[in-house]
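Engineer: Requesting a structural model of the entry that follows:
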Amino acid sequence: MARTLNRGMTGDDVSDLQAALNYHLRPPNPPHTPSGPPRPPLATDGIFGPLTEARLKEFQRLNNLVDDGVVGHATRPLLLVARYVSAKIPIAKRDPNVSVAFRAHPSFLLATQQPAPLQSAPLIAPVVLQNRQVQLGGNLTLDPLVGPGAAQKTFFLSVQWTWVEQKNGRHLELALGSQFATALVQNDPLQLGFSVQSFAQITVSDVVAIDKINLHLFSPSAQAAYQSNFINDILKSNSLSVSAQNQITWDMVVNGKNPLFSLFCQQQLGWTYDLAARKGTVAPAFLGGAIWQTSFF
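Structural biologist: Numbers count the residues shown, from 1 in each chain. Below you'll find the predicted structure:
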């Protein structure tokens, strides 16, 4: 998996970056490069120095990206796209009084008059494994709207792997993970209970976001989970659940565009079916806590 590249790094992938920048930022003139004198190519020495950073920032500005000098999930796909040139060949009008021995074939005239096809963005961009997350926090489940049960407070620890659609702005995120939770208040101190859950989740991320402060306000998601409930280390029941959620996230520590530490608040409405009791419950819940994650690129 490709790593995030920034100033000070070395390696073969830095050499590939320098070669790509030489390809995109040398003559011919616009639309590939700004007008002006030819520039010397970068040395493909595999050292990410100030000149490589300056060329990378110029490439990002030309492609309407944030010129942060970091090769991440937004910049890398554009470096791998081959450029193309639209050429228009003028054809002089024939003087009707002059005899012409040769004429261009109609198919040739048609080909020279048609513009090069535009590259359209795919409906769903490629999805790649981006990060792994560790979440720590609390869960407040309110009184059920439907079915048996009572309000409860739990402390949870979860680990998940996230696959992200490689494009800026609104995008899809797919997550697989596991969660361990225990009640904060035990009704009976002699009966200690905890639960273990496996889940799959799909999220439409950054529907509403404030990029300047790394605040993600509206990222709706749907989750399916299987949960095992234990009392005194003895399995008491298994349950299935489906929920609709929205998560508000504030990225407090970031590396380029990759968040490292975040705070989150999640609102959830879920349906849980107890396989042992054969009863279903619909209840709202609120989760809050911190996220620590490591990025793969």
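Engineer: Hmm, residue 151 and residue 143 touching each other?
Structural biologist: Yes. Residue 143 is in contact with residue 151 according to Cβ atoms under 8 Å; the separation is 5.1 Å. C-betas here are computed from N, CA, C, even on glycine.
Engineer: Using the record's domain definitions, break this protein down for me.
Structural biologist: 12-113, 127-295 (automatic domain parsing).
Engineer: With respect to those domains, which exhibits the lowest mean confidence?
Structural biologist: Of all the domains of the chain, the minimum mean pLDDT falls on domain 12-113 (a mean of 71).
Engineer: For residue 17, pull up the helix or strand it's in.
Structural biologist: helix 12-24 (DSSP states H and E).
Engineer: mind listing what's buried in that helix?
Structural biologist: 14-18, 20-22, 24 (16 or more other Cβ atoms under 10 Å).
Engineer: and the closest residue to residue 206 other than its chain neighbours, how far is that from residue 45?
Structural biologist: The spatially closest residue to residue 206, leaving aside those adjacent along the chain, is residue 170, at 5.2 Å (Cβ to Cβ, 6 or more residues apart in numbering). Look at residue 170 and residue 45: by Cβ to Cβ, to the nearest Å, they are 39 Å apart.
Engineer: Show me the strands paired with the helix or strand containing residue 154, marking each as parallel or antiparallel.
Structural biologist: Element membership for residue 154 (DSSP H and E) is strand 152-165. Note on strand 152-165: by DSSP bridges, its sheet partners are strand 127-141 (antiparallel), strand 171-183 (antiparallel).
Engineer: In the first one, which residues are buried?
Structural biologist: This means strand 127-141. 130-131, 133, 135, 137, 139, 141.
Engineer: Could you point out which of the domains of the chain sits nearest residue 2?
Structural biologist: Among these, domain 12-113 comes nearest to residue 2, with 6.5 Å by Cβ to Cβ.
Engineer: that older thread, now the strands paired with strand 152-165 in TSV, please, with extra columns for distance to residue 259.
Structural biologist: Formatted as TSV, the strands paired with strand 152-165 follow (distance: least, Cβ to Cβ, whole Å):
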stretch	distance to residue 259
strand 127-141	8
strand 171-183	12
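Engineer: Compare those strands and give me the one nearest residue 6.
Structural biologist: strand 127-141 (16.8 Å).
Engineer: Just name the most buried of the domains of the chain.
Structural biologist: domain 127-295 (a mean of 15; mean count of other Cβ atoms under 10 Å).
Engineer: mind listing what the longest strand along the chain pairs with, with the direction of each?
Structural biologist: The single longest strand within the chain, with elements called by DSSP state E, is strand 234-255. If you go by DSSP bridges, strand 234-255 pairs up with strand 215-218 (antiparallel), strand 220-231 (antiparallel), strand 258-274 (antiparallel).
Engineer: Need the ones you listed in JSON lines (columns: distance to residue 155).
Structural biologist: Putting these into JSON lines (distance: least, Cβ to Cβ, whole Å) gives the following:
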{"stretch": "strand 215-218", "distance to residue 155": "24"}
{"stretch": "strand 220-231", "distance to residue 155": "15"}
{"stretch": "strand 258-274", "distance to residue 155": "15"}
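Engineer: For residue 61, find the nearest of the ones you listed.
Structural biologist: Closest of the strands paired with strand 234-255 to residue 61 is strand 258-274, at 20.7 Å (criterion: Cβ to Cβ).
Engineer: Helix or strand next in line after that closest one, which one?
Structural biologist: strand 279-295.
Engineer: Run through who's touching stretch 153-163.
Structural biologist: Identification of contacts with stretch 153-163 by Cβ atoms under 8 Å, 6 or more residues apart in numbering yields 127-141, 173-185, 195, 199, 201, 287, 289, 293.
Engineer: show me the contacts for residue 208.
Structural biologist: 216-218.
Engineer: give me that answer again for 7 Å
Structural biologist: Residues near residue 208 by Cβ atoms under 7 Å, 6 or more residues apart in numbering: 217-218.
Engineer: hmm, back to that, dump the residue contacts of the residue nearest to residue 206.
Structural biologist: Residue 170 sits in contact with 204-207, where contact means Cβ under 7 Å, 6+ apart.
Engineer: Among these, which one sits closest to residue 244?
Structural biologist: Proximity of the contacts of residue 170 to residue 244 (Cβ to Cβ) peaks at residue 204, which lies at 11.7 Å.
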